[in-house]
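Colleague: Sequence first, then the predicted structure:
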Amino acid sequence: MDIDTHYTANPVHNPLQNFPQWERLRNDVKENTKDIDLWEELITLIEDHVSSNLTLVRSDVELKNIIHRDFDDLLTRFPYLTIYWKRYITIEYTLNGLKPSVIILERAVTAFPSSLELWLDYLNIVISNNLENEAIVKGLFQDALDNVGRQFLSHPLWDLYLEWESNVSGDKSNDYLNILLKLIRLPLHQYAKYSERFQEVMHHFTIEDLISEEELLTLVEKTDGVTSIHDLGADQQRQLSEGYFSAVFSATYEGVTARWEYESELTKQDFDLMPVTDQEMKVWLNYLDFEEQHGDTLQIISLYERALVPTCSYEKIWLRYLKFLIQNTDDSKKIVKQFNRACDIFISIDQPSVRYMFAQYYHLRLKNMEKAKIIYTSLISMLNTDTEPISKYFNFLIKILGEKVVLESSINVVKYFIQENFKPSAEPLNQKKRKLPNGAHPVVIKHDDFKKLYKVLNFRTVTQLVVEVAKYYWLSKQNVKAARDILISFFKEDLMRCSLPYWTFFFKFELSQRNKKNLTNVINYIKFYGQLPITSINDMIKLYVEFMFQNSAPDEIMKINREIMRYLLETDTESSMHMKHFLKSRLDPGLDEEVINKRLIKENGHPGATAEHRPKLITPIEWSTSLLTQEEAASIPSFRNVEKASVNVKYAQESI
Amino acid sequence: MLLELDNSGLNSKDIPQYWLDLAEQVNKDATNFEKWEELINVSELIPTSNRKYTTKISKLSSAVHKKLLCIAYENVLVQFPYLEQYWCNYAQWLYLFGNTNKATDVYNRAISILPKSIIIWKNYLQFSSETLLSFDQLAPVFEQSRLAVGHHFYSHLIYDQYLDFLKLYNKTKEYHYLVRRVIELPIYHYAKYFREFFNLLEAANLETIKYLISKEDLSKNYQQKWADLIDRPSKNKATIETQTKQQAQPQAQLQQQQQSKSAMTELKIDLRKRYIDLYITTQYYVFQIWQFESKITHPYFHPTSELTRDELNTWNKYLSYLETNNLKVNINSSNQVANSILSSQNQELVVIAYERCLIATAQYPFFWLKFSNFWMNLNMIDKAIDVLIRGIWSCPITHVKLRLRLIDLLILNKDLTNARTVALELCNIYPNLVDAFSKLLQVEQLMWNGQGGSKLIKLVESKLDEVKGTPFEESFDCMFGILLNYSCISISALEKFFEKYVNVKSSKYFWKAYLDFYFLYNQNPEQLQKIIGIAREKQVDSNLLSRYINDIEDVYF
């Protein structure tokens, strides 16, 4: 979002013209949206301006809009920053009064529903200002309790609810009792307080009020000689209920005690921009393990939601949570919502596993192929140097479209890409000019899914389709020849020269086939023609050398020992540049190492600057001949370029 | 034990206690250079009961004290052979004690270890000048030093002595020849020798001019003979004068005759001009080299202090500069990769820079490997191997790359027996190093000429048994993956090998290799599914493995 669009569109009036620091800070945070210190500076500045220029800010709608934008930008990016929500609400209250500030608070609990603090603020404001009727307030309490009522330290919310219910319905009302009945079963930090309160009020209610009909029936069945609750006297009923609730209290106590072991270890429960340490992560994971074994579904979800406050940017916890939801709940809308939360707000694009899981969820559970396709193609588009999404999409398409369509279309996409981007007129370097064979028709992509796929591919990723087709032939069809044919049919294309996935796969394929000859051919090609990262080429060369030592006879090694020495020189960090013969060849479009040697000589001693001519003694005395046997004076020296000894070097930037 | 006193013929009662204490300390920790220095220092002094006197020992000191000094030096030089000055001091002591032959031996040993040390050569020449009294005896030593360190940037230390020596014996011809040779070298005191050369040229007479220009050059470049240089107007001038004679007045003719220079003078002027070009050329390279030389602050070996990164970078850049500077570019280049051949003339400049560097950086494997690569690039594999062997002796044992590279080069040199010996030695030193064992497997494979599949498996099995239950068990599980690459091992043998360990291995390396085996090498989806099931049951903990299993499942299931 461009936060400046609003006012930069009108060059006549800039509401921040009198606030240069504010404007500067806005620009700074725009450049560094993750820098929380800058945000803090900006928000503090806004607060200062509001307190010192209240009348001005109140009267200037555009300024107020800018304040909203600043807060909204921050809290859209980091919705779990409770303190900034609170500061936003305070500012809003100062500028626009109560109701707008409550709307902000409402937005806060929507964006950060697992914040106990925000829910408490919200409910307190609503109740203390009588903003809503009883039914709505009760509904708000229910929402709050659904979201945070099972948190270990949620007692302030329960206290508020009990107090409100007591005021509205009285503490002898069934509504009040029902809250307590729910509360005494929850493993909360202050469970004892609620047990005591329950024991105080339980005598005002009949056993039917206290225990559900089904459970009462079970209790009666266990009592000898009794068929109905009405067969029991008052004392017996009291004993029965006390026994029943004693067991409830014990279970709650045990639940609290067991959880305390983990709760007491939790050092990081709030969100901040610092990474979660391994220890902190371990505590959360252990707690989740425990809860998944012992807790009920709601308790487990509550804990996941709590854990996902400090760890919201960690894919590991999200994957686990979503897996749990898929396995244990049926509400697909809620699951999709959680997927969207994870993908849209919290998990960065470089952690794609959640997104793959999302696509698989649409594919396998919801049978919604179109949505799955959208997820895959958007991933391919966003991760535009990564080949994994293409691989995943390819396998997905194979499953839904069948191999014939996918294999043919994939190859067509690559051919079409070459046709469109590497015109026959553009002659490939050092290779035969590529021409369409006589009578050959231009390639077209027929399938719509592949047309869409083509649009999101680029020269780095499109080659993965060749890899996928070859991989499919090799691994799924177990047809090594077909796989090799596909790979070979493309290897001369210029597009492939810079394709790391293609060459990595080709190398691995031949390595797995233990095919020495083909492996040598692959290496021979990439060492001269490969436009891959130097480290990648060198890694393959190292593996190749190892492979040759592992699979050659001594005589074979002797035949190629000079070449192996060159490989060792090429991959050693200790080697000087001029020893890296293949790299030098690759650096010259004509593959002529000597051209690079000349350049090295010109730049020697001052990289980036060239000295075209250096003085050179061309008839030096042979130093190894003995002085004592020298018969005649040494010949007169001859030179090259002596007159250019004092010419200054030419800097690279000068020639640009 | 480094200090062996038992065979020294000394009675321990004669040895001062503090000397014995220090000897004991260096025995316990031979790397403690400070203690070695202390031992040398006390050995050089005449011992007293309270150690207050600091008089140095002399020829007249007791045999015991002289012996102790020799023992201390011998041992410190075994431990730290790159201490150039210590060699010289030791030889000097022996010379002082009257053991000239032994001193010569010490110098010879020093030169064999540090053949390009300017300090040792400088001292050796001084020593030789004092001990060898004839020209015929001394001249070869000077020549030897010129060949060894003549290209050293600070070789004026030997050239000054050499020239003095030649002057002393009135070897005018050799003196001229040497100066002429030295001025071609880019050395620190190049200007001094040019001054001397120009002085020689200035002072040249009919006899000595022959040492500065050959007969052939005189004829070719000046169309003259030696006789033409006799003090009279040159031919050209004479011709001009003849023409002038016919036109000018007698007075002007006389004046012209007086002003005309002799052929010798003209020759000298022209030669001077030519040699100015040489001066410019030499100066150019001295200036180029100086940018590196000026940054070298520790050109000597020190056992305990580390060189700064700046110093190391300077050496690296300096060596690369010299190598590149001497690249011979093939003018008629083709598309083939051409050899980067250094001219033999300038190769010595690079070699001596390497040798100088390796005195200071003897404990840094980077430079040993770089030097070895230098020879390898010239296809001189024997020299590359020699450098590595020297490096292995000099560097701490922890730097295994030197040995691994040595094994590679021995293989490439078809010396499999020695390659195996080095590999076994490395495996003995580091029994838990996977790289060492892996290299041993390669050598064994070569020795068995591709027929040793089952032997390789046995070797790996015995290694796996050896490390079983140790902290290194997991790292050696990567051998399962490595064995997949050996085509001498049949697929069925590999299958049995994996099956043998399926119930006992839980590392990600084993399971990754096992999955690879059925996924890539011996494709079998059913078996693969079974293996995935077992891996999951065993809860092999690895994110990478889980992702790999997901990929496999994407393909098959």
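Modeller: Looks like it came in fine. Nothing here was measured: the structure is a model prediction, and the numbers come from that model. Numbering: from 1, shown residues only, chains lettered A, B, ... in the order given.

Colleague: Pull up the gap between residue B:77 and residue B:305, please.
Modeller: Going from residue B:77 to residue B:305 by Cβ to Cβ, to the nearest Å gives 19 Å. In short, each C-beta sits where N, CA and C put it, glycine included.

Colleague: And those two? Which one has more around it.
Modeller: residue B:77 (19 against 9; other Cβ atoms under 10 Å in any protein chain shown).

Colleague: In chain A, what residue comes closest to chain B?
Modeller: Closest approach between chain A and chain B, counting by Cβ to the nearest Cβ: residue A:594, at 3.3 Å.

Colleague: before we move on, what SS does that residue have?
Modeller: helix (DSSP: H, G, I helix; E, B strand; the rest coil).

Colleague: neighbours of it, just the number please.
Modeller: Around residue A:594 there are 24 residues (other Cβ under 10 Å).

Colleague: Tell me the pLDDT of it.
Modeller: On pLDDT, residue A:594 comes in at 89.

Colleague: Next: residue A:221.
Modeller: On pLDDT, residue A:221 comes in at 79.

Colleague: got it, and residue B:401?
Modeller: 94.

Colleague: so what's it up against?
Modeller: Contact partners of residue B:401, counting by Cβ atoms under 8 Å, 6 or more residues apart in numbering or on different chains, are B:365, B:369.

Colleague: tell me the mean pLDDT over stretch B:56-72?
Modeller: Mean predicted confidence for stretch B:56-72 is 86.

Colleague: try stretch A:369-388
Modeller: pLDDT averaged over stretch A:369-388 gives 94.

Colleague: Do you have the strands of the stretch 301-450 of chain B handy? List them.
Modeller: With DSSP state E, counting those that start in this stretch as the criterion, the stretch 301-450 of chain B has strands at B:327-328, B:341-342.

Colleague: Mean pLDDT lowest where, among these?
Modeller: For the strands of the stretch 301-450 of chain B, mean pLDDT drops lowest on strand B:341-342, to a mean of 38.

Colleague: quick one on the thing from earlier: could you check how far the residue of chain A closest to chain B is from residue B:347?
Modeller: For residue A:594, the distance to residue B:347 equals 19 Å [Cβ to Cβ].

Colleague: what do you get for residue A:38?
Modeller: Distance from residue A:38 to residue B:347, counting by Cβ to Cβ: 59 Å.

Colleague: Nearest spatial neighbour of residue 403, chain-adjacent residues omitted?
Modeller: Just going to use chain A. Leaving aside its chain neighbours, residue A:403 sits nearest to residue A:472 (7.0 Å; criterion: Cβ to Cβ, 6 or more residues apart in numbering or on different chains).

Colleague: Switch to chain B, please.
Modeller: That would be residue B:426: by Cβ to Cβ, 6+ apart, it lies 4.8 Å from residue B:403.

Colleague: my read: the one you found touches residue B:405, true?
Modeller: No - judged on Cβ atoms under 8 Å, residue B:426 makes no contact with residue B:405 at a distance of 11.2 Å.

Colleague: what about residue A:130, how many neighbours?
Modeller: 8.

Colleague: On the three-state scheme, it is what?
Modeller: Following three-state DSSP, the label given to residue A:130 is coil.

Colleague: Domain map for chain B?
Modeller: Chain B breaks down into these domains under automatic domain parsing: B:363-447, B:459-557.

Colleague: Could you identify which of these is most buried?
Modeller: Mean neighbour count (mean count of other Cβ atoms under 10 Å in any protein chain shown) peaks for domain B:363-447 among the domains of chain B, with a mean of 20.

Colleague: Could you tell me the end-to-end distance of it?
Modeller: One end of domain B:363-447 to the other measures 33 Å (Cα to Cα, to the nearest Å).

Colleague: so can I have a markdown table of the domains of chain B showing distance to residue A:484?
Modeller: Output for the domains of chain B, formatted as a markdown table (distance: least, Cβ to Cβ, whole Å):
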| stretch | distance to residue A:484 |
| --- | --- |
| domain B:363-447 | 26 |
| domain B:459-557 | 14 |
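
Colleague: Count the neighbours of residue B:175 for me.
Modeller: Neighbour number of residue B:175 under other Cβ under 10 Å is 22.

Colleague: where's it, which helix or strand?
Modeller: helix B:172-182 (DSSP states H and E).

Colleague: contacts for the helix or strand that that helix is followed by?
Modeller: Scanning forward in sequence from helix B:172-182 by DSSP H and E, the next helix or strand is helix B:190-203. Helix B:190-203 is touched from outside by B:156, B:159, B:163, B:175-176, B:179-180, B:182-183, B:208, B:211-212, B:268, B:271-272, B:275, B:279, B:282-283, B:286, with contacts defined as Cβ under 8 Å, 6+ apart.

Colleague: Just the buried ones among those residues, please.
Modeller: Buried members of these, scored by 16 or more other Cβ atoms under 10 Å in any protein chain shown, are B:156, B:159, B:163, B:175-176, B:179-180, B:182-183, B:208, B:211-212, B:268, B:271, B:275, B:279, B:282-283, B:286.

Colleague: contacts with chain A among those, please.
Modeller: Checking the buried ones among the contacts of helix B:190-203 against chain A by Cβ under 8 Å from any Cβ of the partner chain, the ones in range are B:176, B:180, B:211-212, B:271, B:275, B:282-283.

Colleague: related to what we said a few turns ago, pull the distance from the helix holding residue B:175 to the chain's centre.
Modeller: Distance of helix B:172-182 from its chain centroid, counting by Cα atoms, centre = their mean, to the nearest Å, is 29 Å.

Colleague: Give me the helices and strands touching that helix, please.
Modeller: With contacts taken as 3 or more Cβ pairs under 8 Å, 6 or more residues apart in numbering or on different chains; DSSP states H and E, helix B:172-182 sits against helix B:156-168, helix B:190-203.

Colleague: okay if I get these as TSV plus mean pLDDT?
Modeller: Converted to TSV, the helices and strands packed on helix B:172-182 look like this (pLDDT from 0 to 100):
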stretch	mean pLDDT
helix B:156-168	96
helix B:190-203	95
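
Colleague: Could you say which of those is packed most deeply?
Modeller: Highest mean neighbour count among the helices and strands packed on helix B:172-182 (mean count of other Cβ under 10 Å): helix B:156-168, with a mean of 19.

Colleague: Show me what that one is in contact with.
Modeller: With Cβ under 8 Å, 6+ apart as the criterion, helix B:156-168 contacts B:118, B:121-122, B:125-126, B:129, B:138-139, B:142, B:145-146, B:149-150, B:152, B:174-175, B:178-179, B:182, B:187-189, B:192-193, B:196.

Colleague: Dump that helix to PDB, restricted to CA.
Modeller: Extracted as PDB, the C-alpha positions of helix B:156-168 are listed here (Å, rounded to 0.1, in the frame of the first residue of the first chain):
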ATOM      1  CA  HIS B 156      71.600  -6.900  -2.600                       C
ATOM      2  CA  LEU B 157      72.700  -8.600   0.700                       C
ATOM      3  CA  ILE B 158      74.500 -11.200  -1.400                       C
ATOM      4  CA  TYR B 159      75.300  -9.200  -4.500                       C
ATOM      5  CA  ASP B 160      77.200  -6.600  -2.400                       C
ATOM      6  CA  GLN B 161      79.300  -9.400  -1.000                       C
ATOM      7  CA  TYR B 162      79.700 -11.000  -4.400                       C
ATOM      8  CA  LEU B 163      80.900  -7.800  -6.000                       C
ATOM      9  CA  ASP B 164      83.300  -7.100  -3.100                       C
ATOM     10  CA  PHE B 165      84.600 -10.600  -3.500                       C
ATOM     11  CA  LEU B 166      85.200 -10.100  -7.200                       C
ATOM     12  CA  LYS B 167      86.800  -6.800  -6.600                       C
ATOM     13  CA  LEU B 168      89.100  -8.300  -4.000                       C
END
